[in-house]
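Colleague: Take this sequence and fold it.
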Amino acid sequence: MPWLALRTRACSALRRPPPTVASSSSLLPVPRRRFGSSIASHAKGTIREVPILPSRDTGVFEQAYKRNLPVRLPRSRTHLPPACSKWFIHDGNPDFDLFGSPSVITDGDVEEGRPGDWINVPRSSELRTSFWSEHESTFVPLEITTRDALSVLPPGSIDAENEGFERITAPLKILIAYLARPPTTNPTNTSQLDRDMSIYLAQCDLSSLPESMQSDVPIPKLLRPPSSSRGTIKGDIYASSLWLGRPPTYTPLHRDPNPNLFIQLAGQKTIRLLPPEIGDALYHEVITKLSPTSTSFSTAIRGEEMMVGPQKAALHDAIWDPSSIYSDLVGVHGIQTTLRLGEALFTPKGWWHSVKGVGDGVTASVNWWFR
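Modeller: Predicted structure coming up:
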């Protein structure tokens, strides 16, 4: 009976039409041509882009918050965390000027007509050794993923049967040493250590870091409205996290207990999202197939059962594999965005999402759960 009930609930949710992202968000002051273009161009085999707000104006953001729909926030010089320049060397140049002539100008920058906010976005970033060496004794939570040396799959593949996973608390210098090794773009030249192990700083509470680091990632002004404001955002911060590693990094499908503002500090991350009811149905169906007799479903972010073994592979394939039986569902109901330095994503409470670190160099992000 539990299986029948789950199937009935899943089918009911999955038959519903996709959320009307474009029409629901049309109340936001967003240019119709650009805001609706990715929605209108949706076709089978593609996935829609997360809509982007025209600015980081508090009023605009609060309207998005009220609609309970994900939105991408444009990069802004005014809101760029100091960590973006202090913690990293960009494009191999210690003197790289983020505020110089931009090397990457997106369609969004051009259409929004905000040249004063253009940022010189690097192609890749690495750790600034002079900064990190001052904090190498700080203890942080690290995730170590190992692969069987006999595995023949390429780096980045999900090989659940040949992976090991362990969480440790260790000095930051371990991660620094791992990330400081020269990256390679040629898989045949990748060292055995690179192929068989990855180290990731995941969900590190900002309050556990030295004050000198915390000050480089201040709470965004959007989440701290003035006391005189009577807006919908109360300014309550429940938790915050720092994420740092080298792609491919991966966070399985999950949902957060509170709204989430996520800012990319360096590198790139791709996020795929599903509406609450669709994500509920898909997640429960995937987990039930793995354990038909189970009546307990943990949706905790990065639960250990999600990070290794059959559950990791099943959740990954359901969201990311174009040949999955769920690929059409994800294409119809899902939305996606790739964040680069300075860009941010608002994820409403209850929205399911999975995250991948992609591209060259290190990837670093910070987020706050709030209401």
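
Colleague: tell me what the lengthiest helix in the chain is packed against?
Modeller: The helix that spans the most residues within the chain, counting by DSSP state H, is helix 276-290. Helix 276-290 sits against helix 2-14, strand 249-255, helix 310-320, helix 327-333, strand 352-358, with contacts defined as 3 or more CB pairs under 8 Å, 6 or more residues apart in numbering; DSSP states H and E. To be clear about C-beta, it is placed using only N, CA and C from the backbone, and glycine gets the same treatment.

Colleague: Quick one: those as JSON lines, columns for mean neighbour count and distance to Thr138 too.
Modeller: Shown next, in JSON lines, are the helices and strands packed on helix 276-290 (neighbours: other CB atoms under 10 Å; distance: least, CB to CB, whole Å):
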{"stretch": "helix 2-14", "mean neighbour count": "14", "distance to Thr138": "44"}
{"stretch": "strand 249-255", "mean neighbour count": "22", "distance to Thr138": "20"}
{"stretch": "helix 310-320", "mean neighbour count": "20", "distance to Thr138": "29"}
{"stretch": "helix 327-333", "mean neighbour count": "18", "distance to Thr138": "39"}
{"stretch": "strand 352-358", "mean neighbour count": "22", "distance to Thr138": "22"}
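
Colleague: For these, give me CSV that also has distance to Lys269.
Modeller: Below are the helices and strands packed on helix 276-290 laid out as CSV (distance: least, CB to CB, whole Å):
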stretch, distance to Lys269
helix 2-14, 27
strand 249-255, 8
helix 310-320, 13
helix 327-333, 18
strand 352-358, 5
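
Colleague: mean pLDDT lowest for which of those?
Modeller: For these, the weakest mean pLDDT is recorded on helix 2-14, namely a mean of 46.

Colleague: on that earlier part again, and the helices and strands packed on helix 276-290: which comes nearest His284?
Modeller: When the helices and strands packed on helix 276-290 are compared by CB to CB, helix 2-14 sits nearest His284, at 5.4 Å.

Colleague: Secondary structure element for the spatially closest residue to Pro252 that is not a sequence neighbour, which one?
Modeller: Distances taken as CB to CB, 6 or more residues apart in numbering put Met306 closest to Pro252, at 4.2 Å, once the chain neighbours are dropped. Met306 belongs to helix 304-307 when assigned by DSSP states H and E.

Colleague: Just the pLDDT at Val308, thanks.
Modeller: Val308 carries a pLDDT value of 85.

Colleague: I'd like the distance between it and Thr58.
Modeller: Distance, Val308 to Thr58, using CB to CB, to the nearest Å: 42 Å.

Colleague: Helix or strand next in line after the lowest-mean-pLDDT helix or strand in the chain, which one?
Modeller: Across the helices and strands of the chain, mean confidence by mean pLDDT, DSSP states H and E is lowest for helix 32-40: a mean of 32. Remark: after helix 32-40, the chain's next helix or strand is strand 48-49, criterion DSSP H and E.

Colleague: Which strands and helices lie in contact with that next one?
Modeller: By 3+ CB pairs under 8 Å, 6+ apart, strand 48-49 packs against helix 32-40, strand 335-339.

Colleague: go again using 10 Å as the cut-off
Modeller: In terms of contacts (3 or more CB pairs under 10 Å, 6 or more residues apart in numbering; DSSP states H and E), strand 48-49 is packed against helix 21-24, helix 32-40, helix 327-333, strand 335-339.

Colleague: So what are the sheet partners of that strand and their directions?
Modeller: Sheet pairing of strand 48-49 (DSSP bridges) gives strand 335-339 (parallel).

Colleague: what is the rounded mean pLDDT of the strand it pairs with?
Modeller: In this model, strand 335-339 has a mean pLDDT of 99.

Colleague: Packing partners of the helix or strand just after that strand?
Modeller: As assigned by DSSP H and E, the chain's next helix or strand after strand 335-339 is strand 344-347. Counting contacts by 3+ CB pairs under 10 Å, 6+ apart, strand 344-347 packs against helix 58-67, strand 71-73, strand 260-266, strand 268-274, strand 352-358, strand 363-370.
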